[in-house]
Each structure stands twice: as structure tokens, then as C-alpha cells.
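>>> Sequence and predicted structure are below.
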Amino acid sequence: MRIIVMLAVLFTSSISASSLAQGSAIQVTVNDQVIGFEQRIRLGQFYQALEFPSGLYWPATRLVSAQKQEEIDKQQLQLVDDLIAMSSYYRDFGEFEVAEAIRQLAGQVRDWPLVGAEFIGVTRISERGDVQTGQSFERPSFYSSAADTTRGIKHNPLLPAGSYEWLMPPSSDYQVPWRMVGVTITGRAELLPYTANKTVRELLQQQGVFSQSPRLAAVEVISLSGQHQTVPVAYYNRSDRAAVYGAVIVIPIPDEWLIDRFVDMNKRLVELAQYWNPVS
């Protein structure tokens, strides 16, 4: 269930008395109220209009556009149809266990709580395998802060014209609950407890994942910024990567199931899962 919490304070330079007019360039639904901006605005102007505290940021916040939501909904339905076709393929060849696992996956993907979030911020990442230790780089992020928008133009994007919805977690400190989401090989979402410094592999061991998937070599970990990383978890290549709070951990379809016709299924699953609603 989506929960929207926001204080709406209008300022005259960007919002007029006709703020609810259907002809507004940008319309944002905030706490069931539609706020109209007569011209396209930058993210910082949106924050100013709603008087966001400049020193705070909310990793679970999402700015959802109607256009992106429609796009994600279509991708979700298309992937479900293709997974059903993949299941039928294996059933026709007598691979009934594989067919059933993929059929269950299709059923779960149909109900994944996805939101059409826009990348509105920039996140700094301090570690990556192909860069020198101590270097950092930046990637687009689903969340931002009012303070960030004063740092440079890349932190303060111009919002395209259209309709938006502002989603924020309900807790008073605007943090994601201290948990993660684990997505099984059949697509079922399980809430996983968060413990500081626990590695991804240790978390999977605690959940008994390796007894069900003993050949599992790696999983995809999607952070609240929307970025994802492949994390090795097998005994021979395991990583010490910590399981960060709010993450979505996706167990991929086994490689041996991915014949040419369905070779991109894992890529598509991860691309959809990055739009998981973090407060669902």
C-alpha cells in the first residue's frame, strides 16, 4: 500500500491560484492534493515549494511519474507473458519441475509492488571492482535531498512536464524499516531482518537458501538508490559485501535454464525489481 506523507506549502512565484488547473505543465499529487506548477520546474523548486528541511534526505522517497508507471506496468505484464511461455516450453519437453518453478515465478512477478520512480538524485559510490581503491564515482539515484540541489545542475534536474505522485515512508524519521526484501527463485518476496555488518552470504545462509539452491553462485543486490550489483555468494568465490538495509536481494534463474530464446530473463527481472516500492 502506498503511503504519502507531505506538508504542502505553496509559494506564489511558482504556483498560482489556479494550481489545480488541468492545463498545468506539472501536476504533483501530495497527500491526495494535486498541486499544479504553471511552468516546468527544477527539483529544488519543488523542494522549496513544499518546504523540505534542507539537511534531510529520505532514501525510500520516490517521485513517481504517470509516464514511467505506465512503462513499468507494460514491462511487468510483458515479462509475465514471456515467463509463462518459458514455462510452457519446459513443460512441452517434460521438464515439469523447471516448468512449475517458472510458472510460480510468473505468478509472483505479476504481483510485485513496483512503482514508476524517476531518477531525481545523484549518489556517490566509493567502491567498485574496476577502479582503483579509494576512488569514487557517481550514479543516478531514486532519492535526493533539498541540500543536494544546491550543489550543481546534475543534482537539480529539470522535471519533464507531466503528472507525478510523491511517495514517502510513513515513519517519523523517514527511514526504511530495518529490514530487506529477499526474492526467491520462484519470485516470492520475503521480509528479511537487517543486522549491521551481516554479509549477503551470511543472510542467505540464515534463510536456508543454499539448501534449496546449492549451486547458487551469485545474487543481485539492488540498493535504495536503484543501482544493482552482482554479489558472489558461493563458498569458492564469496564476497564480504554487507547486506544494506532496504535492499532487494534477487536470486536469479539458474543459467542452465536460460536457453537462447530466454537468455535475457534474469536481466529483465533485475531491471524490474529495481522499481520495487521500498515501503510496500
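Nice, thanks for sending it over.

>>> C-alpha only now, for contacts and for neighbours.
Fine.

>>> Make sure residue 90 is actually in contact with residue 96.
Yes: assessed by CA atoms under 8 Å, residue 90 is found in contact with residue 96 at 6.7 Å.

>>> Please, where are all the strands along this structure?
26-30, 33-37, 62-65, 121-125, 137-141, 162-167, 179-183, 189-193, 218-222, 228-232, 248-250 (DSSP state E).

>>> For residue 149, find the nearest of these.
strand 121-125 (8.4 Å; CA to CA).

>>> So which bits of that closest one are buried?
121-123 (16 or more other CA atoms under 10 Å).

>>> most tightly surrounded among the strands of the chain?
strand 248-250 (a mean of 28; mean count of other CA atoms under 10 Å).

>>> mind listing what it pairs with, with the direction of each?
strand 179-183 (parallel), strand 218-222 (antiparallel) (DSSP bridges).

>>> So which of those strands is nearest residue 111?
strand 179-183 (12.5 Å).

>>> sorry, back to before: could you dump the strands paired with strand 248-250 into TSV and include distance to residue 162?
Output for the strands paired with strand 248-250, formatted as TSV (distance: least, CA to CA, whole Å):
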stretch	distance to residue 162
strand 179-183	31
strand 218-222	27
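
>>> Go through these and find the least confident stretch.
For the strands paired with strand 248-250, the stretch scoring lowest in mean pLDDT is strand 179-183; its value is a mean of 91.

>>> Spit out the contact partners of residue 197.
242-243 (CA atoms under 8 Å, 6 or more residues apart in numbering).

>>> repeat for the one 5 residues further on
Residues in contact with residue 202 (CA under 8 Å, 6+ apart): none are found.

>>> and it, what pLDDT?
For residue 202, pLDDT reads 91.

>>> For it, give its distance to residue 218.
Distance of residue 202 to residue 218, computed by CA to CA, to the nearest Å: 13 Å.

>>> got any ranges where the stretch 151-280 of the chain has weak pLDDT?
Along the stretch 151-280 of the chain, the parts satisfying pLDDT under 70 run over 170-177.

>>> circling back: indicate which one of the strands paired with strand 248-250 is closest to residue 39.
Of the strands paired with strand 248-250, nearest to residue 39 by CA to CA is strand 218-222, at 34.2 Å.

>>> now the angle between strand 228-232 and that closest one, please.
150 degrees (axes from the mean of the first three to the mean of the last three CA atoms, to 10 degrees).
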